[in-house]
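K.L.:
Give me a 3D structure for the following:
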Amino acid sequence: MALRELLIAAVDGHRGADAADRLCEACVALLDVDAAAISLVFDGASTGTLGSSGGAARDLDELQFTLGEGPCLESVLRCSPVMVEDLAHPAESRWPVYRRAMLDLSIRGVFAMPVMVAGEYVGALDLFRTLPGRLTGDRFAGATIAAELAGIPVLDLLDTDLHAAVSDPESTAWAELNMLSRAEVSQATGMLVAQLGIEPAEALLRLRAHAYSTGRAATEVARDILERRLRLQ
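P.N.:
Residues are numbered from 1 along each chain as shown. This next block holds a predicted model:
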């Protein structure tokens with residue numbers, strides 16, 4: 001069976017986040033990578049992880065939101081793949097904080113393929129490798145196909161169809177997806193604004209900084225704030 005058919009078969013009969021997870025699992029099985037995740041990106045910021053090949057992959061993807069830098073953000077900004085075969089190479093200087101965090105987690109190669117839905121770049125398929133090396137030939141082609149397929153569970157999440165997203169200028173589809181993703185972080189940020197009397201940007205920065213300094217995901221910190229188990233100063 002051809003690579004395209006194997007990737008399609010992985011998501012056949014599944015929808016939404018379940019399809020996204022299965023697609024990421026297929027990427028690990030077929031593309032010689034150790035972890036995969038699908039990031040959602042809006043307004044230049046990582047706003048959610050739609051699917052992943054497992055908990056470790058989700059954590060790797062989450063770091064891009066916590067730190068505010070990484071391959072998925074650059075891929076969407078450039079509207080093109082971002083391929084880093086060795087984060088430890090002396091000439092590699094992108095994303096200094098994210099790169100150090102990845103190396104600490106024994107990740108050497110990162111690859112991000114932009115995901116497009118209805119003419120809009122809405123995220124990226126992120127692939128991670130523990131060993132350095134290029135993603136070439138059939139594996140690069142497979143990553144391109146997987147990024148195309150990743151648009152399907154995004155549409156499922158919107159509970160809309162491609163025609164509606166393209167043809168309706170009044171559609172709130174993108175705003176709805178933005179609201180669905182990282183909702184807990186947004187709510188916790190609002191709580192910090194009220195508690196501390198600070199601007200939303202500073203509140204989000206404090207939340208992210210606490211997550212990074214404690215080695216936790218931003219969404220986990222947000223839950224603690226919302227459930228009043230944590231109060232930031």
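
K.L.:
check contacts around Thr136.
P.N.:
Going by C-beta atoms under 8 Å, 6 or more residues apart in numbering, Thr136 touches no other residue. C-beta here means a position set from N, CA and C on the backbone, and glycine is covered the same way.

K.L.:
Can you tell me how far it is from Met113?
P.N.:
14 Å (C-beta to C-beta, to the nearest Å).

K.L.:
Next: Ser39.
P.N.:
11 Å.

K.L.:
who touches both of these two?
P.N.:
Contacts common to Ser39 and Met113, judged by C-beta under 8 Å, 6+ apart, are Ala124, Leu125.

K.L.:
Which of those two has more residues huddled nearby?
P.N.:
Ser39 (31 against 27; other C-beta atoms under 10 Å).

K.L.:
Check which helices and strands the longest helix seen in the chain sits against.
P.N.:
In the chain, with assignment by DSSP state H, the single longest helix is helix 137-158. Secondary-structure packing of helix 137-158 (3 or more C-beta pairs under 8 Å, 6 or more residues apart in numbering; DSSP states H and E): helix 3-11, helix 16-30, strand 35-42, strand 45-52, strand 109-117, strand 120-129, helix 162-167, helix 173-180.

K.L.:
Please work out which of the ones you listed is packed deepest.
P.N.:
Mean neighbour count, computed with mean count of other C-beta atoms under 10 Å, is highest for strand 35-42 among these, reaching a mean of 28.

K.L.:
what's the domain layout of the chain?
P.N.:
3-167, 182-226 (automatic domain parsing).

K.L.:
per-stretch mean pLDDT over those domains, give me the minimum one.
P.N.:
Lowest mean pLDDT within those: domain 182-226, a mean of 79.
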